[in-house]
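>>> here's my sequence, what's the structure:
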Amino acid sequence: MFSDERRDKILELLQKNGRVLAKELADMFELSIDSIRRDLTIMEEKGLLKRTHGGAIPSSKVRSTPLPPELRYQDGAPHQNAISKLAASFIQEKDTVFIGSAGIHYGMLKYLPEIPFTVVTNSIKVADTLKDRKTTDVYLIGGKVKSSGSITDAFANEFLRQFTLDICFVTGGGISKNGVSTATPEVAMLGRAAVEISRRKICLAPHEKLGIDFFAKEGPITDIDLLITDEEASIEAIAEIENKGVKVCIARVTEESLLKKE
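Model (predicted):
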């Protein structure tokens, strides 16, 4: 197979699976990992993908269409579950926390502690999932409901600013040394409001989001107290964020992360 044909196949796999791993590609094409890494570097230089520590993910645009609810609210990949589980462990008794409408926010719900605490959310799906928990008070932010089931308009922003929160679980389409960012200004504004009213800001940052800048900035990375990522995160991206004074924690994938289903 010629190198161009191999790279076309890599791109096809990337579009199909959402990520590729260098080791798996090396086994598939019977090449060294170094050869595959050279392929990925060339493809990154052409803007065809973005390299990660262990492979590659699709090249991100500064604006992208959000996943529909049936795809967004699933069990989550093992590395996302590991981040969700570690994030949930920071909730303490009687805390008031903001859990947003992202897929990784939904992934936190199966790991929430069985202690009394309060959740503020802009997601109908999150609120509906938590409404029967005996130990959890749930506040759903008001405003116009989008087809995704999330609420992010000016009313939601004003509603949210009435509160003071112990923890805000921050995330975005892009997370880099420049800050946390997302595809739409109204979502960015709501995220910024949640950060500004929270005493502690914890960023959920799967490796595929690191080193990426999206269209609308939620806020500078220096607003974050703790960033949680996974083992496949780029060493360079982590170093750039740590150099801004942000503490970074690596969530390890465990057997429970691989098997946990709801």
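>>> doesn't residue 79 lie inside a helix?
Yes. With DSSP: H, G, I helix; E, B strand; the rest coil as the criterion, residue 79 is assigned to a helix.
>>> that one: what's it in contact with?
Contacts for residue 79 (Cβ atoms under 8 Å, 6 or more residues apart in numbering) come out as 206, 207, 230, 231, 232, 251, 253, 257. All C-beta atoms are positioned from the backbone trio N, CA, C, and that covers glycine.
>>> mind giving me the domain ranges of the chain?
The chain is divided into the following domains under automatic domain parsing: 3-58, 69-259.
>>> now those as a markdown table including mean pLDDT?
What follows is these, written out as a markdown table (pLDDT from 0 to 100):
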| stretch | mean pLDDT |
| --- | --- |
| domain 3-58 | 86 |
| domain 69-259 | 93 |
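>>> what about the helices in the stretch 51-200 of the chain?
Under the criterion DSSP state H, counting those that start in this stretch, the stretch 51-200 of the chain carries helices at the ranges 69-72, 78-88, 103-108, 124-130, 154-160, 185-196.
>>> contacting residues around the fourth one?
Contact partners of helix 124-130, identified using Cβ under 8 Å, 6+ apart, comprise 69, 73, 99-101, 105-106, 109, 112, 119, 121, 136, 138, 140, 145, 149-151.
>>> for it, buried residues please.
Residues 124, 125, 126, 127, 129, 130 are the ones in helix 124-130 that count as buried (16 or more other Cβ atoms under 10 Å).
>>> so can I have JSON lines of the helices of the stretch 51-200 of the chain showing distance to residue 44?
Converted to JSON lines, the helices of the stretch 51-200 of the chain look like this (distance: least, Cβ to Cβ, whole Å):
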{"stretch": "helix 69-72", "distance to residue 44": "26"}
{"stretch": "helix 78-88", "distance to residue 44": "21"}
{"stretch": "helix 103-108", "distance to residue 44": "25"}
{"stretch": "helix 124-130", "distance to residue 44": "35"}
{"stretch": "helix 154-160", "distance to residue 44": "37"}
{"stretch": "helix 185-196", "distance to residue 44": "27"}
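>>> any idea which of these gets closest to residue 215?
If you check each of these against residue 215 by Cβ to Cβ, helix 185-196 wins as the nearest, at 7.8 Å.
>>> re the thing from before, tell me the most buried of the domains of the chain?
domain 69-259 (a mean of 19; mean count of other Cβ atoms under 10 Å).
>>> distance of the spatially closest residue to residue 53 that is not a sequence neighbour from residue 126?
Nearest residue to residue 53, sequence neighbours excluded (Cβ to Cβ, 6 or more residues apart in numbering): residue 232, at 5.0 Å. Distance, residue 232 to residue 126, using Cβ to Cβ, to the nearest Å: 26 Å.
>>> quick one on the thing from earlier: so who does the residue nearest to residue 53 touch?
52, 53, 54, 55, 79, 207 are the contacts of residue 232 under Cβ under 8 Å, 6+ apart.
>>> in those residues, find the pair that's most separated.
The most widely separated members of the contacts of residue 232 are 55 and 79, with 12.2 Å between them, by Cβ to Cβ.
>>> state the distance from residue 100 to residue 50.
Using Cβ to Cβ, residue 100 is found at 24 Å from residue 50.
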